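Enquirer: Give me a model of this one.
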Amino acid sequence: MSAKPEYYDVIRKPVITEKATMASESGAVVFEVAIDSNKPQIKEAVEALFGVKVKAVNTTITKGKAKRFRGQMGKRKDVKKAYVTLEEGNTIDVTTGL
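Expert: Presented below is the predicted three-dimensional model:
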């Protein structure tokens, strides 16, 4: 299956944190995704890019923090994360990279 370029627009990068590692123990993988993407798009992109079957997709939007930059107040961008639960027997090794 060939990966269409727009799949890489939907899925930005894998999230590798302590919480994401704990989720991977229960068969879930966490990705940073485009803020305007929806669950069916995310499911289609993951299945096409990694060749796995997706059971469920849960999303969360983390609001960007207000931070100081050279004395000026700025705001980090909002980030959307997708918790992708895979069917039994399917795995994605995010440590090797896309």
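Enquirer: Spell out the residue ranges of the strands in the chain.
Expert: In the chain, the strands defined using DSSP state E lie at 11-14, 28-33, 54-62, 66-69, 72-75, 79-86.
Enquirer: now for the last one, which elements pack on it?
Expert: Same thing as strand 79-86. With contacts defined as 3 or more Cβ pairs under 8 Å, 6 or more residues apart in numbering; DSSP states H and E, strand 79-86 has these neighbours: strand 28-33, helix 39-50, strand 54-62. All C-beta spots, glycine's among them, are computed from the backbone N, C-alpha and C.
Enquirer: centre of the chain versus the second one, how much separation?
Expert: Its chain's C-alpha centre and that of helix 39-50 lie 10 Å apart, by Cα atoms, centre = their mean, to the nearest Å.
Enquirer: what's the answer for the shortest one, then?
Expert: The chain centroid and the centroid of strand 28-33 are separated by 3 Å under Cα atoms, centre = their mean.
Enquirer: then it to PDB, C-alphas only?
Expert: Output of strand 28-33 as PDB, limited to C-alpha atoms (Å, rounded to 0.1, in the frame of the first residue of the first chain):
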ATOM      1  CA  ALA A  28      -2.100   2.100  22.200                       C
ATOM      2  CA  VAL A  29       0.200   4.400  20.300                       C
ATOM      3  CA  VAL A  30       0.200   8.200  20.700                       C
ATOM      4  CA  PHE A  31       0.700  10.600  17.800                       C
ATOM      5  CA  GLU A  32       0.800  14.400  17.400                       C
ATOM      6  CA  VAL A  33      -1.700  15.100  14.600                       C
END
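Enquirer: Make 11 the first number, not 1, from now on.
Expert: Taking 11 as the first residue, the last one we looked at is strand 38-43.
Enquirer: and it, what does it pack onto?
Expert: Using 3+ Cβ pairs under 8 Å, 6+ apart, strand 38-43 sits against strand 21-24, helix 28-34, helix 49-60, strand 89-96.
Enquirer: thinking again about what came up before, so which of the strands of the chain is the most packed in?
Expert: The highest mean neighbour count among these, using mean count of other Cβ atoms under 10 Å, belongs to strand 38-43: a mean of 22.
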